[in-house]
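Enquirer: No sequence on hand, only this structure:
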């Protein structure tokens, strides 16, 4: 099967240039200025931009066990509609993916249900070091540790266990950093005043910048001591930005950082209108925190933009504070949110592609993805930067049926998404067949 995309502006590796791309089967075979080869399908990309598919390094697609909220099929459909062609799913499912057998079960589900390419993190606990060390770095993206509470038995708070994991694995260790003791003490303080119905506007004071910094600084200290590869997920505070560096290339960094779209979009002022819909862990914090995240993103202390996509039902989100789960769905809109920031002059297209496609590929050592290069997998996205529309319930693809972005106006649209050379999304229509593949990772000695 050959597909030829003509006259498109290609955004790749710090450049924007007009050209053609020939896809043969699952690979990009030729990038050129005027390709005339016969093709089974020709797409005129005039006026559009072509980007490498987004690699989202942190999602919660809920399979298995929590599929009333979302599942790999529904959420990966939403992902390809948003230009995400690969995702890395987290282990705090039911059951938690904390044995090799349970991890393998998730990969079977992925092979049956994923519209996009998939990887699943192995989960660490206080007592599964032996299982963690069996993980194959060729076909699993990394080890995930929750240093603040999570679903099931996934809080890792034993210092000896942590040091053992950090010392004994060469794999990337991704961490959720919030200090559990600080959060519990803060929660107790507010519960004494409000009971279970704490106003959500206090969420960022309960899951405070102190709780984040205390945990992330400790994790970084341990990584420096042991030489582990550490990736800190969903940073949310100005204070934490001092912990990261931008004076060496990403490929040489052993300690890396991620920011999520919501922490670049909302502040604590938005709790007044959005309420628990923007209740995330870590919490959305102040304008000063948001400004510092943007600054660190643009000067390369922060390496990756992701979603932490975490759907819950509307009924679950409607509960009182202490019973309301944190998290929201974002994969259908994360690239578009960043394109809005481009339209508003906050970030360049080249930098968006760097942080959402190139850098996750470099950081996780994803094989042959994340770039528009000959011989690489044809995971590609076409966007129209002059298309106005509004997020509403009737154009959402999430199983949970709601979004914190409802009512937001966008001025760009994803028009085409290719996964492994297959056109899986075109102007609102999703292919019936699934072409997602298991992600593979380069192993360095």
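Expert: It's in. Here the structure is a predicted model, which is why all the values come from computation and not from measurement.

Enquirer: All the strands of the stretch 251-400 of the chain, in order from the start?
Expert: 255-260, 304-306, 380-384, 389-390 (DSSP state E, counting those that start in this stretch).

Enquirer: who does the helix or strand just after the shortest one touch, helix- and strand-wise?
Expert: Sequence order places strand 409-410 as the next helix or strand after strand 389-390, per DSSP states H and E. Counting contacts by 3 or more CB pairs under 8 Å, 6 or more residues apart in numbering; DSSP states H and E, the secondary-structure elements packed against strand 409-410 are helix 334-343, strand 389-390. All C-beta atoms are positioned from the backbone trio N, CA, C, and that covers glycine.

Enquirer: Would you mind putting the ones you listed into JSON lines with mean neighbour count alongside?
Expert: Converted to JSON lines, those look like this (neighbours: other CB atoms under 10 Å):
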{"stretch": "helix 334-343", "mean neighbour count": "21"}
{"stretch": "strand 389-390", "mean neighbour count": "12"}
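
Enquirer: could you redo those as CSV and give each row mean pLDDT and distance to residue 70?
Expert: Formatted as CSV, the helices and strands packed on strand 409-410 follow (pLDDT from 0 to 100; distance: least, CB to CB, whole Å):
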stretch, mean pLDDT, distance to residue 70
helix 334-343, 98, 15
strand 389-390, 98, 23
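
Enquirer: Distance to residue 262 added to those, as a markdown table?
Expert: Listed next are the helices and strands packed on strand 409-410 as a markdown table, based on distance: least, CB to CB, whole Å:
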| stretch | distance to residue 262 |
| --- | --- |
| helix 334-343 | 9 |
| strand 389-390 | 19 |
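
Enquirer: among these, which is nearest residue 382?
Expert: Smallest distance to residue 382 across the helices and strands packed on strand 409-410 (CB to CB): 11.7 Å, for helix 334-343.

Enquirer: other SSEs contacting that closest one?
Expert: Here helix 334-343 touches strand 54-59, strand 304-306, helix 349-353, strand 380-384, strand 409-410, strand 413-419, going by 3+ CB pairs under 8 Å, 6+ apart.

Enquirer: that older thread, and residue 326, which of the helices and strands packed on strand 409-410 is closest to it?
Expert: Closest among the helices and strands packed on strand 409-410, using CB to CB: helix 334-343, at 17.6 Å.

Enquirer: what's next to the closest one, contact-wise?
Expert: Residues from elsewhere that reach helix 334-343 (CB atoms under 8 Å, 6 or more residues apart in numbering): 51, 54, 56, 82-84, 261, 264-265, 305-307, 309, 347-349, 352, 356, 381, 383, 385, 405, 410-414.

Enquirer: Buried ones among the residues you listed?
Expert: 51, 54, 56, 82-84, 261, 264-265, 305-307, 309, 347, 349, 352, 356, 381, 383, 405, 410-414 (16 or more other CB atoms under 10 Å).

Enquirer: Low-confidence ranges, the stretch 301-445 of the chain, go.
Expert: 445 (pLDDT under 70).

Enquirer: Could you rerun that using 50?
Expert: Along the stretch 301-445 of the chain, no part satisfies pLDDT under 50.

Enquirer: and residue 42, how many neighbours does it have?
Expert: 14 (other CB atoms under 10 Å).

Enquirer: next one: residue 206
Expert: 21.

Enquirer: which SS class is the nearest residue to it once chain neighbours are set aside?
Expert: The shortest distance from residue 206 to any non-neighbouring residue, by CB to CB, 6 or more residues apart in numbering, is to residue 186 (4.3 Å). Recorded secondary structure, residue 186: helix (DSSP: H, G, I helix; E, B strand; the rest coil).

Enquirer: Now do the lengthiest helix in the chain: which elements does it pack against?
Expert: In the chain, taking DSSP state H as the definition, the longest helix is helix 209-226. Counting contacts by 3+ CB pairs under 8 Å, 6+ apart, helix 209-226 is packed against helix 159-168, strand 173-176, helix 180-194, strand 230-232, strand 255-260.

Enquirer: And the average pLDDT for that helix is what?
Expert: Mean pLDDT, computed over helix 209-226, is 97.

Enquirer: Equivalent analysis for stretch 133-141, please.
Expert: Mean pLDDT, stretch 133-141: 97.

Enquirer: start to end distance for that stretch?
Expert: Length of stretch 133-141, first residue to last, CA to CA, to the nearest Å: 13 Å.

Enquirer: Check stretch 112-122 too.
Expert: End to end - CA to CA - stretch 112-122 spans 20 Å.

Enquirer: Can you mark which positions in that stretch are buried?
Expert: 113, 114, 115, 116, 117, 118, 119, 120, 121, 122.
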